[in-house]
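Student: Predicted structure and sequence below. I'll ask about it afterward.
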Amino acid sequence: MNSPYRDEFRIQGFRFGKGKKTVAIVGSIRGDEVQQQFICSQIVKNLIEIEENGDILPGHEILVIPSVNHFSMNINKRFWAMDNTDINRMFPGYEKGETTQRIAHAVFEKVRKYKYGIQLASFYLPGEFIPHVRMMNTGYQNTDLARHFGLPYVMVRDPRPYDTTLLNYNWQIFKTQAFSIYSGSTDIIHKPSAKMAWVSVLRFLSQMNIINYECHAGYNSSVITDINQVTVKSDCGGILYSFCDANNEIRKGDLLAKILDPYTGDTLSTILSPVNGILFFVHQKPLIAQNTVLYKIIVH
Amino acid sequence: MIKTIISEGLPVDENLLIRKNIIRGKSGKKRLCIVTGTHGDELEGQYVCFELARQLEKNRDLLHGIVEIYPALNPLGVDSVQRGFPTFDLDMNRIFPGDQNGHLIETIASSIIQDLEGADMVIDIHSSNIFLREMPQVRVNIESADTLVPYAKLLNTDFIWVHDAATVLQATLAHSLNTLNTKTLVVEMGVGMRITREYGDRLVEGIFNLMTHLGMWQGAVAPDITTPTLSTDGEVCFMNADASGIIIPSISHSVTVKKGDLLCQIVDPLRGKVLQNVLSPVDGVVFTLRSYPVVYEGSLIARIFSEKQRL
């Protein structure tokens, strides 16, 4: 696509192997998804080597699209550079519609007929997750397949009305087994969780007999839903002084954080864990408003 | 009476405040709510709120019932020239009915719904965005058209657009309230970041006309209330850019065009070339027209309503 004054807008894909459309992998769709872009670049790097070694099994085609929205990434914006719309809320797209609908349509036409779809996704709240596979409860999801990624958790949640325009949701509706990989961070590269994510994708490809790739078996994933989680919110605004990280085991009554007065440093609120469990999501920005989601705890 | 319906602590020495002005008549229990400012860059509703409050405060003796005016559902956005709710990714008008256990903005959305639920009528005023200018119109979801169109006709707009029930609309304030049997009309008019006084005056007259029909207003009503065109009497034609460039307009907004008329040109100023002559594909009224000149392939340029030929 041409732009008024910028370079031509190009979305590049990398194809590996020949045969049936087996796996499509999509990296960053939002301009701040640097971690996702990095993970995808590592997947491409590995697949180039795997293909050169003849380790892509016959009859399979893999498509990787590392970046859908670099026009925004290059100018430090999360959403589409021109009108601030979110490409990941435009699927399945519309070829005669608005610009981002057209981009979504062009991408979806390329990725829709694959057996498996993998998206490197980011969360709408700032924070750190335990790396996990996320699926929407559309009736088409297959959690047994998701466990082949070998990440600690497979999270299944009910779609909300605004989720129906996501890539993941539309993949599932169009009969592709879709998985979203949440890898911890978004606008910074967190090397350990990034490696965990790209290795999990290669592990999945190996487990599904698409490539030969030797790695450890990964985790025996636990399947969780919103019911298994407790949300802890802030009861006032201030500076968040957190004492824990994602993946920490905690017990009921443990001190999770203090909210400090930004003028005096006094403790305005003490945040204690309401349950025994493991921290699945941890809010990371230091300034918080009242009613901010601070933690999501998987209950033991 | 000014009432704060939501007060949430922000990080440093400030509360997020959502307020409404409750104007009570001498009698009557019917409640009309005027809401706007969900998108911080849509300001046409500001003038309507001001003018309505001014006239009602001056003429309380003619009011039977309660009018509640909410000028800024997204006060941080309005005050900081941001369409969205600052620090939050999702469009505020895509998260209703909200969630008391969710993030701050989801909690706020839930509280807004609780505050509005049960009103006899809610009017949710929008003004497109900075890219498009809209003729005064009421937008009604087809699911609630039978109930709402008779009220929409009273609002002194030019057009009523009955549109399909796209899934994302389920998460709007209006859809959520209509689902709860709180009748809600969505008005779209003007353009983002601007106030068009003429449109505001017309809508204020329309609101008084609606209040008269609801038995809430005993004052004078403008004698020349417009009878709007209904979209179901014709077809809405969307026109999107085929080229990326700069738009040079050839028509003004809200005009009637003939098939083949030049609406605008998309040009390349660097090379002095016309990239596309945008011609009307139908006879009709241009009720949406692009106001922001920079376009990409796909950018919406115009919507034209083409009425069915009457035999």
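Tutor: Cool, got the structure. Numbers count the residues shown, from 1 in each chain, chains lettered A, B, ... in the order given.
Student: quick one: low-confidence parts of the chain?
Tutor: All of this is about chain A. Judged against pLDDT under 70, chain A has no low-scoring part.
Student: Actually, chain B is the one I wanted.
Tutor: For chain B (pLDDT under 70), the answer is B:165-168, B:309-311.
Student: Kindly state the domain boundaries assigned to it.
Tutor: Per automatic domain parsing, the structural domains of chain B span B:2-227, B:233-307.
Student: is it possible to export the ones you listed to TSV including mean neighbour count?
Tutor: Yep, even glycine has a C-beta here, placed from its N, CA and C like the rest. Output for the domains of chain B, formatted as TSV (neighbours: other Cβ atoms under 10 Å in any protein chain shown):
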stretch	mean neighbour count
domain B:2-227	19
domain B:233-307	18
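Student: Dump the ones you listed to CSV, plus distance to residue A:45.
Tutor: Shown next, in CSV, are the domains of chain B (distance: least, Cβ to Cβ, whole Å):
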stretch, distance to residue A:45
domain B:2-227, 30
domain B:233-307, 32
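Student: so can I have CSV of those domains showing distance to chain A?
Tutor: Output for those, formatted as CSV (distance: least, Cβ to the nearest Cβ, whole Å):
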stretch, distance to chain A
domain B:2-227, 3
domain B:233-307, 4
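Student: What sits closest to the residue nearest in space to the middle of chain A if chain neighbours are left out?
Tutor: Against the mean C-alpha coordinate of chain A, by Cα atoms, centre = their mean, the closest residue is residue A:121 at 2.3 Å. Excluding its sequence neighbours, the residue lying closest to residue A:121 (Cβ to Cβ, 6 or more residues apart in numbering or on different chains) is residue A:180, at 4.1 Å.
Student: number of nearby residues for the one you found?
Tutor: Residues lying near residue A:180 (other Cβ atoms under 10 Å in any protein chain shown) number 24.
Student: Identify the residues contacting residue B:144.
Tutor: Residue B:144 makes contact with B:178, B:183, according to Cβ atoms under 8 Å, 6 or more residues apart in numbering or on different chains.
Student: let's see 7 Å
Tutor: Going by Cβ atoms under 7 Å, 6 or more residues apart in numbering or on different chains, residue B:144 touches residue B:178.
Student: So it lies in a strand, does it not?
Tutor: No - under DSSP: H, G, I helix; E, B strand; the rest coil, residue B:144 falls outside any strand and is assigned helix.
Student: For chain B, see how far away the residue nearest to residue A:121 is.
Tutor: Between residue A:180 and chain B the distance is 16 Å, computed by Cβ to the nearest Cβ, to the nearest Å.
Student: What pairs with the helix or strand where that residue lies, parallel or antiparallel?
Tutor: Using DSSP states H and E, residue A:180 falls within strand A:177-182. Neighbouring strands of strand A:177-182 in its sheet, by DSSP bridges, are strand A:116-121 (parallel), strand A:132-136 (antiparallel).
Student: Show me which residues of the host helix or strand of residue A:193 are buried.
Tutor: Assigned by DSSP H and E, residue A:193 falls within helix A:191-207. By neighbour count on 16 or more other Cβ atoms under 10 Å in any protein chain shown, the buried set for helix A:191-207 is A:193-194, A:196-207.
Student: what about residue A:120, distance to residue A:40?
Tutor: 6 Å (Cβ to Cβ, to the nearest Å).
Student: Next: residue A:276.
Tutor: Taking Cβ to Cβ, one finds residue A:276 at 37 Å from residue A:40.
Student: Of the two, which one has the most company?
Tutor: Per other Cβ under 10 Å, whichever of residue A:276 and residue A:40 has more neighbours is residue A:40, with 26 against 14.
Student: Could I get the phi/psi values of residue 24?
Tutor: As the question left the chain open, I've gone with chain A. Dihedral pair for residue A:24: phi -120, psi 130, per degrees, to the nearest 10.
Student: right idea, wrong chain: chain B
Tutor: According to degrees, to the nearest 10, residue B:24 has phi -100, psi 140.
Student: Could you find the closest non-adjacent residue to it?
Tutor: residue B:66 (5.2 Å).
Student: which outside residues touch the strand holding residue A:180?
Tutor: Here strand A:177-182 makes contact (Cβ under 7 Å, 6+ apart) with A:115-121, A:123, A:129, A:131-135, A:142, A:145-146, A:149, A:168, A:171-172, A:197, A:200-201.
Student: buried subset of those?
Tutor: A:116-121, A:123, A:129, A:131-135, A:145-146, A:149, A:168, A:171-172, A:197, A:200-201.
Student: Any chance you could note which residues of the stretch 201-300 of chain A sit beside chain B?
Tutor: Taking Cβ under 7 Å from any Cβ of the partner chain, the part of the stretch 201-300 of chain A that reaches chain B is made up of A:231, A:236-239, A:262-263, A:287-293.
Student: Can you say which two of the residues you listed are spatially most distant?
Tutor: The largest separation in these, counting by Cβ to Cβ, is between A:231 and A:263 at 28.4 Å.
Student: on that earlier part again, for residue A:120 and residue A:40, list the residues in contact with both.
Tutor: residue A:27.
Student: Pick out the residue of the stretch 101-250 of chain A closest to chain B.
Tutor: Per Cβ to the nearest Cβ, residue A:237 is where the stretch 101-250 of chain A lies closest to chain B, at 3.4 Å.
Student: wait, what's in contact with that residue?
Tutor: Neighbouring residues of residue A:237 by Cβ under 7 Å, 6+ apart: A:288, A:289, A:290, B:9, B:10, B:11.
Student: what helix or strand does the closest residue to the first one other than its chain neighbours sit in?
Tutor: The one in question is residue A:288. The shortest distance from residue A:288 to any non-neighbouring residue, by Cβ to Cβ, 6+ apart, is to residue A:240 (4.7 Å). Residue A:240 is located in strand A:238-242, with elements delineated by DSSP H and E.
Student: got the buried residues for that strand?
Tutor: Within strand A:238-242, the residues scored as buried using 16+ other Cβ under 10 Å are A:238, A:239, A:240, A:242.
Student: And that strand, what does it pack against?
Tutor: If contacts are counted by 3 or more Cβ pairs under 7 Å, 6 or more residues apart in numbering or on different chains; DSSP states H and E, strand A:238-242 sits against strand A:255-260, strand A:287-288.
Student: Chain B: helices as residue ranges?
Tutor: B:44-58, B:75-79, B:104-116, B:145-152, B:173-179, B:197-213 (DSSP state H).
Student: Among those helices, which comes closest to residue A:188?
Tutor: Of all those, helix B:104-116 sits nearest to residue A:188, with 23.4 Å by Cβ to Cβ.
Student: Other residues contacting that closest one?
Tutor: Residues contacting helix B:104-116 (Cβ under 7 Å, 6+ apart): A:289-292, B:5-6, B:8, B:33, B:73, B:85, B:88, B:92, B:95-100, B:122, B:176-177, B:182.
Student: if we go to 6 Å?
Tutor: A:289, A:291-292, B:5-6, B:33, B:85, B:88, B:95-100, B:122, B:176-177 (Cβ atoms under 6 Å, 6 or more residues apart in numbering or on different chains).
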